[in-house]
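Participant: Sharing a sequence plus its predicted fold:
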Amino acid sequence: MCGLTVYEVEPLGVCLVKAFLGSIGEEMGEVIIISGVKIIACQKVVHPMLRMHLRRKGVLLLDRLGTAPAQAVQKLSGAVPISSLTRYVENLDMMLGRITSVRRLICDGKEYLHLQRKGGNVTTLFVNAMGEEATIELKVCVEQSLSLLYQLVSQPVVTPGAGCFDMFLAASLEQVIQEESISVCSSSELRHVVRCIQQSLLMASGLDTSPTSLIAVDSTFKHAWSSLDTSCCCGLIPQTLVKEQEGKWFTLDWACQQEMFPHCSWFRPTSADVIKDLHECAIVDLYSSKVNAVIMALESSVNLLGIGMIISRV
C-alpha cells in the first residue's frame with residue numbers, strides 16, 4: 001500500500017542547473033531566493049552547507065538527477081538548463097520555468113517527489129512489480145511501449161493487428177510464387193521455403209497453426225478469421241463487407257506439405273474505396289515496428305543460412 005501526501009503550492013520558479021553547485025556561496029543563494037526560485041534541479045552533488053542554507057530559505061533542492069529525469073524536468077517546467085548561476089545571474093528570470101504542484105509519494109519505504117504543471121505535456125507513470133526480475137521485465141515493457149507511442153506520434157501509420165497483416169503477407173507470398181516464374185531453384189524447393197516463411201509469420205502473430213486449427217482467410221481482403229467470429233481477427237473487416245464484395249472464406253490446410261492457400265485466381269482484388277465504415281474498436285500494429293520486425297527476421301535467417309547454419313522449428 002502506497003502512502004500519499006499532497007502539497008498544493010502556487011506556481012513556483014524552477015532553476016535547472018547542470019553544473020556543480022557546491023562552489024556557490026550564500027550570497028549567490030540569496031540571489032536565487034530573491035528571484036523567486038523555489039525548486040532547484042541539479043545533475044551533480046550539491047554541497048551540504050549550501051543544501052542546508054537553501055532548505056532554511058524554503059528552497060526544494062533536487063540533486064544527482066540522471067539524464068532522463070533532468071530532461072523531464074526541463075520539458076515539464078520549461079526551464080533553460082544553465083551551466084553556472086554566476087554566468088547567467090543577470091538574465092536569471094529568463095531561464096526560469098514554472099511548476100504548479102509538488103506531491104510527496106511514499107511507497108515501500110521509498111520517497112518520491114511528483115512534480116506537476118497545469119497544462120503540462122509530461123505524464124508520470126508510477127508502476128509496481130513483484131520482485132526484482134518482474135521489475136526488470138516491467139521496465140523493459142514500459143520503455144518499449146513508450147517508444148512505440150513516440151513512433152506512432154511521429155509516424156502515425158498502422159497495420160491490421162492480431163495476425164491479419166501477417167495473413168495478408170502469407171497470402172500475398174502465395175500469389176507471387178504462382179504468378180511469377182522463378183528459375184533460381186526448383187518449384188518444390190521454392191514452395192517449401194515459402195511455406196516455412198508463411199508458417200513463421202502466422203506463428204509469430206499468435207494464430208493457431210495446429211493441424212486442427214480453423215483459422216481461415218477471406219478472398220477479398222486476405223485477413224485472418226476465426227470460425228465463430230462476425231469480423232476478422234483484428235476487428236477491422238466485418239463479415240457483411242466481405243459478402244457485399246462476393247467474397248468467400250478458405251480454411252488453411254496446415255497438414256498439406258505443399259500448398260495451404262488456394263490458387264491465386266481465388267483471391268479477388270478489391271479497391272480501397274469499398275473500405276469506408278471500419279470498426280472503431282480494432283487491433284492494430286505500428287507499421288514501422290511491424291515491418292522492421294519482419295525485415296530483421298528475414299535478414300537473420302539469410303545470415304544464418306549463409307554461414308551454413310540450419311534453422312529448424314522445435
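Facilitator: In hand now; what should we look at? As the structure is a prediction and not an experimental result, all values here were calculated from the model. Numbers count the residues shown, from 1 in each chain.

Participant: Break down the stretch 51-200 of the chain into its helices, ranges please.
Facilitator: In the stretch 51-200 of the chain, the helices defined using DSSP state H, counting those that start in this stretch lie at 67-77, 92-95, 132-154, 164-179, 187-204.

Participant: Present those as CSV; the columns should include distance to residue 298, mean pLDDT and mean neighbour count.
Facilitator: All C-beta spots, glycine's among them, are computed from the backbone N, C-alpha and C. What follows is these, written out as CSV (distance: least, CB to CB, whole Å; pLDDT from 0 to 100; neighbours: other CB atoms under 10 Å):
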stretch, distance to residue 298, mean pLDDT, mean neighbour count
helix 67-77, 34, 85, 16
helix 92-95, 50, 76, 14
helix 132-154, 21, 86, 11
helix 164-179, 11, 81, 20
helix 187-204, 8, 78, 16
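
Participant: Low-confidence ranges, this protein, go.
Facilitator: Under the criterion pLDDT under 70, the flagged ranges of the chain are 1-30, 84-91, 179-184, 227-228, 254-280, 308-314.

Participant: can you put the helices of the stretch 51-200 of the chain in JSON lines and add distance to residue 31?
Facilitator: Listed next are the helices of the stretch 51-200 of the chain as JSON lines, based on distance: least, CB to CB, whole Å:
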{"stretch": "helix 67-77", "distance to residue 31": "19"}
{"stretch": "helix 92-95", "distance to residue 31": "7"}
{"stretch": "helix 132-154", "distance to residue 31": "38"}
{"stretch": "helix 164-179", "distance to residue 31": "59"}
{"stretch": "helix 187-204", "distance to residue 31": "60"}
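
Participant: Show the contacting residues for residue 128.
Facilitator: Taking CB atoms under 8 Å, 6 or more residues apart in numbering, we find residue 128 in contact with residue 107.

Participant: Okay, it and residue 99: tell me how far apart.
Facilitator: Per CB to CB, to the nearest Å, residue 128 is found 25 Å from residue 99.

Participant: pretty sure residue 285 is in a strand, no?
Facilitator: Yes - looking at residue 285 with DSSP: H, G, I helix; E, B strand; the rest coil, it is inside a strand.

Participant: Let me know how buried it is, in neighbour terms.
Facilitator: A count of neighbours around residue 285, defined by other CB atoms under 10 Å, yields 21.

Participant: nearest residue to the residue nearest to the spatial centre of the chain other than its sequence neighbours?
Facilitator: With distances taken as CA atoms, centre = their mean, the residue of the chain nearest its centroid is residue 148 (2.2 Å). Among residues not flanking residue 148 along the chain, residue 286 sits closest, at 5.4 Å (CB to CB, 6 or more residues apart in numbering).

Participant: how far away is the one you found from residue 156?
Facilitator: Counting by CB to CB, the gap from residue 286 to residue 156 is 9 Å.

Participant: Look at these two and report which has more neighbours.
Facilitator: Neighbour comparison, residue 286 and residue 156: the larger count goes to residue 286, with 20 against 9 (by other CB under 10 Å).

Participant: my read: the more buried one touches residue 150, true?
Facilitator: No - if you go by CB atoms under 8 Å, residue 286 and residue 150 don't touch, sitting 10.2 Å apart.

Participant: May I ask you to confirm that residue 55 is in contact with residue 61?
Facilitator: Yes - with contacts counted by CB under 8 Å, residue 55 reaches residue 61, the gap being 7.0 Å.

Participant: just the strands in the chain please.
Facilitator: For the chain, the strands defined by DSSP state E occupy 3-17, 37-42, 60-62, 97-107, 110-116, 158-160, 216-218, 224-225, 249-251, 284-286.

Participant: For the fourth one, name the packing helices and strands.
Facilitator: When contacts are defined as 3 or more CB pairs under 8 Å, 6 or more residues apart in numbering; DSSP states H and E, strand 97-107 sits against strand 3-17, helix 67-77, strand 110-116.

Participant: Tabulate the CA atom coordinates of the shortest one in CSV.
Facilitator: Read that as strand 110-116. This file holds the C-alpha atoms of strand 110-116, laid out as CSV (Å, rounded to 0.1, in the frame of the first residue of the first chain):
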residue,chain,number,x,y,z
LYS,A,110,11.0,5.0,-0.5
GLU,A,111,10.2,8.6,-1.0
TYR,A,112,9.3,10.1,-4.4
LEU,A,113,8.5,13.7,-5.4
HIS,A,114,5.9,14.1,-8.2
LEU,A,115,6.2,17.5,-10.0
GLN,A,116,3.2,18.7,-11.9
